[in-house]
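Asks: one predicted model, sequence on top.
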Amino acid sequence: MSELVPEPRPKPAVPMKPVSINPNLLGYIGIDTIIEQMRKKTMKTGFDFNIMVVGQSGLGKSTLVNTLFKSQVSRKASSWNREEKIPKTVEIKAIGHVIEEGGVKMKLTVIDTPGFGDQINNENCWEPIEKYINEQYEKFLKEEVNIARKKRIPDTRVHCCLYFISPTGHSLRPLDLEFMKHLSKVVNIIPVIAKADTMTLEEKSEFKQRVRKELEVNGIEFYPQKEFDEDLEDKTENDKIRQESMPFAVVGSDKEYQVNGKRVLGRKTPWGIIEVENLNHCEFALLRDFVIRTHLQDLKEVTHNIHYETYRAKRLNDNGGLPPVSVDTEESHDSNP
Amino acid sequence: MLGYVGIEAVLDQLKIKAMKMGFEFNIMVVGQSGLGKSTMVNTLFKSKMCKSTMPGLGVPTPQTLQLQSVTHVIEESGVKLKLTVTDTPGFGDQINNNKCWDPILGYISEQYEKYLQEEILITRQRHIPDTRVHCCVYFVPPTGHCSLRPLDIEFLQRLCRTVNVVPVIARADSLTIEEREAFRHRIQENLKTHGIEVYPQKCFDEDINDKILNSKIRERIPFAVVGADREHIVNGRCVLGRKTKWGIIEVENMAHCEFPLLRDLLIRSHLQDLKDITHNVHYENYRIFRLNESHVLPRGPGWVNLAPAPASIPAPAGPQASPRPPKVCWWAKDNSDEEC
């Protein structure tokens, strides 16, 4: 990526400061019901979530996604003899599912990237990925500038990219650094340490510290990015996650075993059963809570308000202020600005 | 599914974010002087939002229609609502009221324009301030016997195409219950004859539940309302009402007037829907209209050139071209015919 003169970063939202709060309320108005109204609408329309997994073959990406969403959303990959050959170039495979829980419908799309980092020469193997991400932004932008546009523009933009770090125990590899350097500017990256059951507790914490340091030294801003903390509350919550928990050391599994009378997801070894959802064993539960239960909406908002807006501003600027026309001259537009 | 994932937690996440950002709601009240508009707004939001304009001695009624907006932030149970009330004193008060709706239509279009300008900037704000009118409450004088006056019909016809309109029968305490019902029926017939679609519009009912709920509401529109911002003691309770020699008219008593229906519609059940329809339908219609004629627009700094010439407007050659959603299509056609 060439140096960009100040990228137009959209101004952050300022939560509303009361102009004047009227103290003499004569009774209950019912404004708080709007939360309920919002809830009903969301449950009716459902929402989209697109997650991308990147990492070398055999790091347990598909298994982890299956574990996250408790269903076979990714290609079943737990058979040891995978028939598929490693592709010659990085392929992008997107699979969509609809998951319903508690009346809420989520249209989940998992984007897999087989072939990443598997070649002999892995130079620029992140380019197809970056291109794919930008293509989704482009699709959305085209819809948005249409004259007669859809009521709900289908959202295929990548909200979250899980990057799988190989549990070598030493340090990040050059490929990891290059990928994250390039992609952290266009998408939310959440680094995870894969197959964490190959490390002991001490090795794990040492590795995590080293990874964190390296990311900092290289100026890689992974999600949750410091500059997007809106207020003190966010900052303290996210600081804790950034400085202590991330990158999450995870183990994935889609097999169940009986442990102490309960059925748990885990991996059975001669020396014990590794329980995936046990915080003492691995940090999968933290990752799951982080991505789904507390920060899902925020992931989408940062993608929409920041990454997408940055892309849009650049596109409109490049185009001389014109909105993109629906002609496929996209090849002439570099996704490498 | 092998277990609980936790997707519904997203509803809580949305709630937290919404409570941080707060909500905006813009309501406009239109009607002749003395119909109790300001009092009604005070009653709806239970606070002294507008000064009830009592005609002072020697204060002339405004010669032209002036729009006045007042903004307050109301907080209840942690939910912050930035409420803007736009009053229209002088509407219909002149001798010759021809085109008195133009300033109002102009104001509404201005808000759409403001939003559109923000939306097409290259570097745009994260949260575009929403000043668009979400709901226009139209006050019909309680004449009781005749049908809607020509002024009402002209105004409603034009307005229903650009904004959500909720007509109400003002000062309904001057009518008996039978008179109210008769008046209501006559108004409903008038609206149907002239093709005026008031909120909630039939064509936007999304599913059978909406249809049932909204049909019930449509039967009672226009609501016969009474407003009051004074409290009185009735049967040991403190109620808002109007005290007369023959009794106290309780505003929140369904047997006395239909104010609770109006309040529930505007605030407790359809507030979000009012905003959604304004954004998805009325604003989109305006935007389509503007983008189609954009070659005459002036340019400012940070402007996105919308469409240099009709030939290069991105005519969606794909499947979008033919089946344009009917909601948008229908009104957009009307708009292009008429000088708005």
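Replies: Alright, I've got the coordinates.
Asks: how much space between A:T45 and A:K105?
Replies: If you measure A:T45 against A:K105 using Cβ to Cβ, to the nearest Å, the figure is 8 Å. Just so you know, the C-beta spots here come from the backbone N, C-alpha and C atoms, and that holds for glycine as well.
Asks: swap that for A:I193, please
Replies: In this structure, A:I193 and A:K105 are 32 Å apart, going by Cβ to Cβ.
Asks: who has more neighbours out of these two?
Replies: For A:I193 and A:K105, the more surrounded residue by other Cβ atoms under 10 Å in any protein chain shown is A:I193, and the numbers stand at 26 against 17.
Asks: contacting residues for the more buried one?
Replies: By Cβ atoms under 8 Å, 6 or more residues apart in numbering or on different chains, A:I193 lies in contact with A:164-165, A:167, A:199, A:204, A:207-208, A:211, A:247-250.
Asks: identify, from those, the entry nearest to A:R293.
Replies: A:F248 (13.9 Å; Cβ to Cβ).
Asks: may I ask which two of the contacts of A:I193 are separated the most?
Replies: Of all pairs drawn from the contacts of A:I193, the one with the largest separation by Cβ to Cβ is A:F164 and A:K204; the distance is 15.3 Å.
Asks: contact partners of the host helix or strand of B:F139?
Replies: Here B:F139, judged by DSSP states H and E, is contained in strand B:135-140. Applying Cβ under 8 Å, 6+ apart, the external contacts of strand B:135-140 come out as B:26-32, B:35-37, B:40, B:108, B:148, B:152, B:155-156, B:159, B:163-170, B:187, B:199, B:222, B:262, B:266, B:274, B:278.
Asks: from those residues, which land in strands?
Replies: Mapping those onto strands (DSSP state E) picks out B:26-30, B:165-169.
Asks: as a markdown table, these with distance to A:Y28, neighbour count and pLDDT would be great.
Replies: Rendered in a markdown table, the data for the ones in strands among the contacts of strand B:135-140 read as follows (distance: Cβ to Cβ, whole Å; neighbours: other Cβ atoms under 10 Å in any protein chain shown; pLDDT from 0 to 100):
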| residue | distance to A:Y28 | neighbour count | pLDDT |
| --- | --- | --- | --- |
| B:N26 | 22 | 23 | 93 |
| B:I27 | 19 | 24 | 92 |
| B:M28 | 24 | 26 | 93 |
| B:V29 | 22 | 25 | 91 |
| B:V30 | 27 | 25 | 90 |
| B:V165 | 27 | 22 | 93 |
| B:V166 | 21 | 21 | 93 |
| B:P167 | 26 | 25 | 92 |
| B:V168 | 21 | 26 | 92 |
| B:I169 | 25 | 27 | 91 |
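Asks: so how far is chain B from the residue nearest to A:E283 when sequence neighbours are not counted?
Replies: Counting by Cβ to Cβ, 6 or more residues apart in numbering or on different chains, A:F248 is the residue found nearest to A:E283 once chain neighbours are left out, at 4.4 Å. From A:F248 across to chain B, the span is 16 Å (Cβ to the nearest Cβ, to the nearest Å).
Asks: secondary structure element for residue 209, which one?
Replies: In the absence of a named chain, this looks at chain A. Taking DSSP H and E as the definition, A:Q209 sits inside helix A:201-217.
Asks: my bad, chain B
Replies: Counting by DSSP H and E, the element that carries B:N209 is helix B:208-220.
Asks: compute the inter-axis angle for that helix and strand B:165-169.
Replies: On the basis of axes from the mean of the first three to the mean of the last three Cα atoms, to 10 degrees, helix B:208-220 is oriented at 40 degrees to strand B:165-169.
Asks: what about helix B:208-220, average pLDDT?
Replies: Averaged over helix B:208-220, pLDDT sits at 87.
Asks: what's in contact with the helix or strand that comes right after that helix?
Replies: Following helix B:208-220 in sequence order, the next helix or strand is strand B:223-224 (DSSP H and E). If you take Cβ under 8 Å, 6+ apart as the criterion, strand B:223-224 is touched by B:142, B:166, B:168-169, B:172, B:175, B:180, B:183-184, B:257-259, B:261-262, B:265.
Asks: the residue positioned nearest the centre of chain A: what's it in contact with?
Replies: Geometric centre of chain A, nearest residue: A:C160, 1.5 Å, by Cα atoms, centre = their mean. Shown here is A:C160, whose contacts under the criterion Cβ under 8 Å, 6+ apart are A:49-52, A:187-188, A:190, A:223, A:291, A:299, A:303.
Asks: give me that answer again for 6 Å
Replies: Under the criterion of Cβ atoms under 6 Å, 6 or more residues apart in numbering or on different chains, the contact partners of A:C160 comprise A:51, A:188, A:299.
Asks: just the pLDDT for the closest residue to chain B within the stretch 51-200 of chain A.
Replies: Checking the stretch 51-200 of chain A residue by residue against chain B with Cβ to the nearest Cβ singles out A:G102 as nearest, at 3.7 Å. In the prediction, the pLDDT value recorded for A:G102 is 81.
Asks: B:E76 now?
Replies: At B:E76, the model reports a pLDDT of 84.
Asks: repeat that for B:V137.
Replies: We have a pLDDT of 93 for B:V137.
Asks: now A:M106
Replies: Each residue has a pLDDT score; the one for A:M106 is 88.
Asks: export stretch A:309-317 to PDB, keeping only CA atoms.
Replies: Taking only C-alpha atoms (Å, rounded to 0.1, in the frame of the first residue of the first chain), the coordinates of stretch A:309-317 have been written out as PDB:
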ATOM      1  CA  GLU A 309     -16.800   5.000   5.200                       C
ATOM      2  CA  THR A 310     -13.100   5.200   4.600                       C
ATOM      3  CA  TYR A 311     -13.500   3.000   1.500                       C
ATOM      4  CA  ARG A 312     -16.300   5.200   0.300                       C
ATOM      5  CA  ALA A 313     -14.500   8.400   0.800                       C
ATOM      6  CA  LYS A 314     -11.500   7.200  -1.000                       C
ATOM      7  CA  ARG A 315     -13.600   5.900  -3.900                       C
ATOM      8  CA  LEU A 316     -15.500   9.100  -4.300                       C
ATOM      9  CA  ASN A 317     -12.400  11.100  -4.100                       C
END
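Asks: gap between the residue lying closest to A:Q225 once chain neighbours are set aside and A:D229?
Replies: Take A:Q225 and drop its neighbours on the chain: the residue closest to it by Cβ to Cβ, 6+ apart is A:V302, 7.4 Å away. The span separating A:V302 from A:D229 equals 11 Å under the rule Cβ to Cβ.
Asks: who's more crowded, the two?
Replies: Here A:V302 and A:D229 are set side by side on neighbour count (other Cβ under 10 Å), and the busier one is A:V302, at 20 against 17.
Asks: now the more buried one: which helix or strand?
Replies: The secondary structure element spanning A:V302 is helix A:296-302 (assigned by DSSP H and E).
Asks: how far does that helix sit from its chain's centre?
Replies: In terms of Cα atoms, centre = their mean, to the nearest Å, the centre of helix A:296-302 is found 9 Å from the chain centre.
Asks: state the next helix or strand along the chain beyond that helix.
Replies: Tracing the chain C-terminally past helix A:296-302 and defining elements by DSSP H and E, one meets helix A:309-318 next.
Asks: what residues sit buried inside that following helix?
Replies: Neighbour-count burial for helix A:309-318 flags A:309-316 (criterion: 16 or more other Cβ atoms under 10 Å in any protein chain shown).
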